[in-house]
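Participant: Give me the fold of what follows.
(3 chains)
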Amino acid sequence: MDLSKLNVVQREAVEITDGPLLVLAGAGSGKTRVLTHKIAYLIEEKDIFPSNILAITFTNKAAEEMKNRIEKLIGGKSVGLWMGTFHSMCLRILRRNANVIDYNSDFTIYDVADQNTVVKKAMKELNIDTKHLNPKHVRNIISMAKNEMISPEKFENLHKDDFKYFNYIKIYKKYQKTLKNNNSMDFDDLINNTIAILQKNSDVLSFYQRKFKYILIDEYQDTNYSQYLLALLLSGGYNNICAVGDSDQSIYKFRGADIRNIYEFEKDYENARIIKLEQNYRSTQTILDAANNVIKNNRSRKPKNLWTAKDSGEKIKYYNAYSEKEEAKYVLREIERYREKTYNEFAILYRTNAQSRVFEDVFLQNNIPYQMIGGLKFYERMEIKDILAYLKLIQNPVDNVSFERVINVPKRGIGKRSVEKLNEFANSRGLSLYESLLEIEDISTLSAKAIKLFIEFREIIRSIRSNLDTLNVLDVFDKVIEKTGYISDLILKDTIQDTTRIENVKELKSGIIDFVKSNEDDASLSNYLAVTTLQAGVDSMNDDSDGVLMLTLHSAKGLEFPNVFLVGMEENLFPSYMSSQTEEDLEEERRLCYVGITRAEERLFISHSSSRMLFGKTNRNQISRFIDEIPENLFDIDNSGNTHKTKINNYNNYNSYNAYKKNKSVKSSGDTKIDEGSKYSAGMKVKHKIFGNGTVIDSEKGVLTIAFEGKGIKKLMAGIVPIEIVG
DNA sequence: ATATTAGTTTTTTTT
DNA sequence: AAACTAATAT
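Facilitator: Residues are numbered from 1 along each chain as shown, chains lettered A, B, ... in the order given. Sure, this is the predicted structure:
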C-alpha cells in the first residue's frame, strides 16, 4: 500500500487502525484522502474483508466517490464493502429484519411532505386548528424528539405537567400510530427502528457487531443523538471506530445534529486517540485568512490552527449591487471574465434556495449553462409525486397517505365526502383504506355510483399488482401509466402546463430506465423508491455536464470549487433573521459562512445587494456582519485606490448591529476622511469629522454618543462613520 | 363533484 | 410574486 502521498499526520491516521480514533480534520485537510487510504490499507495490508468494513458518509454521492477512489487504490476488490449514509445503511438492516419490530419489509419511506400530511390529518382528527398550531412546527417538534430517541410515551412522561405540550403529545402519539398502521417510516424512524431492532434482538445485534469489525464515520460533527447511539451499538463488538469531523463545520443543528458528539468522543470511547489534520491543501492563504478571521469570532469554539503552504493568491473580490438582479449580472460578468475552460469551475453559494431564481433567470437569458442542486426538486413536482404515490401504493397497499393522494387522480368522480366515508369505515374496522375497498359493498352510506367508482379504482390497483414480484420498476411504471390513464388525461386537457407535466413524466421514465440499467442486481420497485427518497440534492449532481453550479451553503459542504461566489451577504439573509437572535444560532451561521469560504480553491467573490425582494416587497438589508469580520487588506482594490472594505464602511447604513455598545472603546479608522455635510447612500448627512480614540457612552436610535480623548463629547450617526470598535 | 375566485401564506438550511 | 387554501358558484 502506497502511503507516500500522505503527510506524516495523515499517515498516522491511516495506520492507527485499531481502537477508537477521532480525526479532527480542518477544511481541505485531506480527510477524504485519509478515509480512502485507510479503507484501502485495511483491505490490502491488514487483510480485512471489505464486507467487514462499514463506512458512513454524509451523502450517497460522497459514498460513490469514495468507493471509486478506493477501487482505484486497490484495483477493484471492494465488493461487499458497506458504504453509504446512515439512512441507506439502516434501510439495508431494516429490510432484512423488519419483522423483529413487527413491520413488513415492504414498508414505505415517508419524506417531509408525507410527514406533513400525516401531521395535518392527525390534527384534523384531534380537532386541533392548524391556524393556531402550525403543522410544520409540530412536525419539527416530533422530529427533534425522535432525534433524541424520545418515543411518544417518553415524550408524554417528560412533558405531562406542561400544558403547552398537551397537543404535541396527542399529535405525536397519533402520528406514530399512523405510521405504524401504514407500514411506513419517516427518516428518523429509519435510524430509531434500526436501534430498536438491535436492542430487541441480541442475535441481530451480535451479527452486525461481528460483521462490522471496522467502522468509519465521516462528518461526525453533524451526527445526532440517535446516530451517535447507533454507532456506539454497532462498534460495541470490536471497538474499532474511526470518527472524522470538524467542529467548525457543524451546520445541521436544525436537524438534530449535536456538536457535543465530537467534543465528547474521548469520554464516550475509552482510550480514544486523537489526531489533528491542520494543513490545508485546498485554498490560497488569502482565502484561509478570511475563513480563520471569521470563525475566530465564535466564542464557544476550541481554537485550532489551520495553515497552508500555498501563496497568498488573488485578493477577495467584492461587489455591492443595488438589486438582486444586478448582483446576478455581476456574477455572470465575473464568470465570463475569469473563465478559462469550463463553467463547472464556478459555484454560486447562497443561504436560501429562493435566491437561485434570479440567477437562473439571468443565466437562461444569456445562454450560460448551469446546474442547480436541490431547491425545487424534481421529485417534489405534483405529477411526479402522483406517479410516485401510485408506485408506493402498489408496493405497500396499506399506505393510506399515498392512497388518498391518488384515489381521485386523474379525476374519476370520487369526491371528498366519499373518501371520508371510506375513512370512517376503515377506522371502525381497523382496516387500511385499500383493504376497505375489498369490502366496499358493505359500506351502506355510500351511493351505488360511488361504490362502482371505488371498485373501478380497486381493479386498477389489483391489475397492476398482479405478478408484482416478477416485475421491475420500469414494468410497474408502464403499467401504472397504462391502467390509470394518467398521461392520456393530461393529453386530453391539453394546456401548456399539462404539456410540461407530460415532459416531466417522460423524464421520470428515462430516470427509471437509467436506474434499471445501473441497478441490474436490484431493479425492484422497492429499491427504486428507497433510492429516490433517500437521494440528497448533491446526489443528482452530474460531473460530466458542464455548467455553473448553483447550490445552498448547506449542500456545498464537502465540495470544493476553483471559484466561489458567496452571494446575498446581508444581515437577515445571512446570517438569517431566524438564526441571529441567539448567540448559539449565530455561531452556527458563522460556521456556515466558514464552510462557504473554505469551499474556494483559487478565487473568492463576495457580494450583497442593497435591496432585495421578499414576499413581493422590496427590503433593504445591511451588509452581513461576516463581511466585516474579514480583514480589509484581504479585499481587492478598486480604481479609486480605496479598498472595497473601506467602501463597505462608507455605505453602511445606520442602526448598526450589536457592535455599538456602551463603554466600548472606539477609534477613527485612519485613512478614510469624511467631510462634514457629505451625503451618503442612505440619504443621511455626516455631522462631524472624527479623529482619535474614544469611548461610547450612549447609543440610542442609531445615534452614538462618543467621548473622544481631548475632543469632548460628540454625537454621531452609527455605522456611517468609519470607526472601529476596539476590544 | 368540480371549477372559479378571493384570501392567505410563504423562505432557512435537509437525510 | 407565486403558491396554497377555503369559500363560493356552477
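Participant: Could you pull up the residues touching the residue of chain A found nearest DNA strand B?
Facilitator: Residue nearest to DNA strand B within chain A: A:Gly415 (1.9 Å; Cβ to the nearest atom of the strand). Glycine gets a C-beta too; all of them are placed from N, C-alpha and C. By Cβ atoms under 8 Å, 6 or more residues apart in numbering, the contact set of A:Gly415 is A:Asn408.
Participant: Ramachandran angles for it?
Facilitator: phi -90, psi 180 (degrees, to the nearest 10).
Participant: Let me see the contact set for the closest residue to A:Tyr263 other than its chain neighbours.
Facilitator: Using Cβ to Cβ, 6 or more residues apart in numbering and skipping residues adjacent in sequence, the residue nearest A:Tyr263 is A:Ser247, 6.7 Å away. Contact analysis of A:Ser247 by Cβ under 8 Å, 6+ apart lists A:Leu24, A:Gln221, A:Ile259, A:Ile262, A:Tyr263, A:Arg301, A:Lys302.
Participant: what's the answer for A:Asp47, then?
Facilitator: A:Asp47 touches nothing, counting by Cβ under 8 Å, 6+ apart.
Participant: secondary structure element for it?
Facilitator: Secondary structure from DSSP states H and E places A:Asp47 outside every helix and strand.
Participant: Could you report the separation of it from A:Ile74?
Facilitator: Separation of A:Asp47 from A:Ile74 (Cβ to Cβ, to the nearest Å) stands at 12 Å.
Participant: how about low-confidence regions in chain A?
Facilitator: A:637-692, A:698-706, A:708, A:710-727 (pLDDT under 70).
Participant: what residues does the helix or strand containing A:Asp289 touch?
Facilitator: According to DSSP H and E, A:Asp289 maps onto helix A:285-295. Here helix A:285-295 makes contact (Cβ under 8 Å, 6+ apart) with A:27, A:248, A:280, A:283, A:301, A:306-308, A:310-316, A:590-591, A:593-594, A:597-598, A:600-601, A:604, A:626, A:629-631, A:634.
Participant: ok so, going back, quick check: the residue nearest to A:Tyr263 vs DNA strand C, distance?
Facilitator: A:Ser247 sits 37 Å away from DNA strand C, going by Cβ to the nearest atom of the strand, to the nearest Å.
Participant: May I have the residues that are in contact with A:Phe515?
Facilitator: So A:Phe515 contacts A:Val473, A:Ala523, A:Tyr528, A:Val531 (Cβ under 8 Å, 6+ apart).
Participant: Please report the distance of the last one from A:Lys177.
Facilitator: If I follow you right, that is A:Val531. Distance, A:Val531 to A:Lys177, using Cβ to Cβ: 28 Å.
Participant: who's more crowded, those two?
Facilitator: Counted by other Cβ atoms under 10 Å, A:Val531 and A:Lys177 do not tie: A:Val531 has more neighbours, with 17 against 12.
Participant: For that one, which non-adjacent residue is spatially closest?
Facilitator: Distances taken as Cβ to Cβ, 6+ apart place A:Phe515 nearest to A:Val531, at 7.2 Å, with adjacent residues excluded.
Participant: distance of A:Ser545 from A:Asn353?
Facilitator: For A:Ser545, the distance to A:Asn353 (Cβ to Cβ) stands at 21 Å.
Participant: what's the neighbour count on whatever residue of the stretch 101-250 of chain A ends up closest to DNA strand C?
Facilitator: Proximity of the stretch 101-250 of chain A to DNA strand C (Cβ to the nearest atom of the strand) peaks at A:Thr130, 6.2 Å away. Neighbouring residues of A:Thr130 were enumerated by other Cβ under 10 Å; the total is 13.
Participant: ok so, going back, now which of the contacts of A:Ser247 would you call buried?
Facilitator: Buried subset of these (neighbour count, 16 or more other Cβ atoms under 10 Å): A:Leu24, A:Gln221, A:Ile259, A:Ile262, A:Arg301.
Participant: ok, now which ones touch the third one?
Facilitator: With contact set as Cβ under 8 Å, 6+ apart, A:Ile259 has these partners: A:Gln221, A:Ser247, A:Ser250, A:Lys253.
Participant: which two in the residues you listed are spaced the farthest apart?
Facilitator: A:Ser247 and A:Lys253 (12.2 Å; Cβ to Cβ).
Participant: quick one: the helices in the stretch 1-150 of chain A?
Facilitator: Listed in chain order, the helices of the stretch 1-150 of chain A (DSSP state H, counting those that start in this stretch) span residues A:8-15, A:31-44, A:60-74, A:86-97, A:112-125, A:135-147.
Participant: Single out the most deeply packed of those.
Facilitator: helix A:31-44 (a mean of 23; mean count of other Cβ atoms under 10 Å).
Participant: before we move on, the earlier item: how close does the residue nearest to A:Val531 get to A:Val473?
Facilitator: 7 Å.
Participant: and for those two, which residues touch both?
Facilitator: By Cβ under 8 Å, 6+ apart, A:Phe515 and A:Val473 have these common neighbours: A:Ala523, A:Tyr528.
Participant: quick one, what contacts A:Lys46?
Facilitator: A:Thr17.
Participant: excluding its backbone neighbours, what's nearest A:Leu158?
Facilitator: That would be A:Ile150: by Cβ to Cβ, 6+ apart, it lies 6.8 Å from A:Leu158.
Participant: Around DNA strand C, which positions in chain A sit nearby?
Facilitator: Applying Cβ under 7 Å from any atom of the strand, one finds that chain A approaches DNA strand C through A:Thr130, A:Met613, A:Phe615, A:Gly616.
Participant: Tell me which two in those residues are the farthest apart.
Facilitator: Largest pairwise distance in the residues of chain A next to DNA strand C, by Cβ to Cβ, is 28.1 Å, between A:Thr130 and A:Met613.
Participant: before we move on, back to that, if you count what's nearby, which of A:Ser545 and A:Asn353 comes out ahead?
Facilitator: Applying other Cβ under 10 Å to A:Ser545 and A:Asn353 shows that A:Asn353 carries more neighbours, namely 19 against 10.
Participant: what residues are up against the residue lying closest to that one once chain neighbours are set aside?
Facilitator: Closest residue in space to A:Asn353, ignoring its immediate chain neighbours: A:Gly375 at 4.3 Å, by Cβ to Cβ, 6+ apart. Taking Cβ under 8 Å, 6+ apart, we find A:Gly375 in contact with A:Asn353, A:Ser356, A:Gly537, A:Thr552.
Participant: out of the residues you listed, who has the most neighbours?
Facilitator: A:Ser356 (23 neighbours).
Participant: Could you measure from the closest residue to A:Phe454 other than its chain neighbours over to A:Leu393?
Facilitator: Distance criterion Cβ to Cβ, 6+ apart; nearest residue to A:Phe454, sequence neighbours excluded, is A:Ile440 at 5.0 Å. In this view, A:Ile440 and A:Leu393 are 16 Å apart by Cβ to Cβ.
Participant: next helix or strand past the longest strand seen in chain A?
Facilitator: The strand that spans the most residues within chain A, counting by DSSP state E, is strand A:600-609. Per DSSP H and E, the first helix or strand lying C-terminal to strand A:600-609 is strand A:612-614.
Participant: so what does that following strand touch, helix or strand wise?
Facilitator: If contacts are counted by 3 or more Cβ pairs under 8 Å, 6 or more residues apart in numbering; DSSP states H and E, strand A:612-614 sits against strand A:617-619.
Participant: tell me which element A:Asp386 is part of?
Facilitator: Secondary structure from DSSP H and E places A:Asp386 in helix A:382-395.
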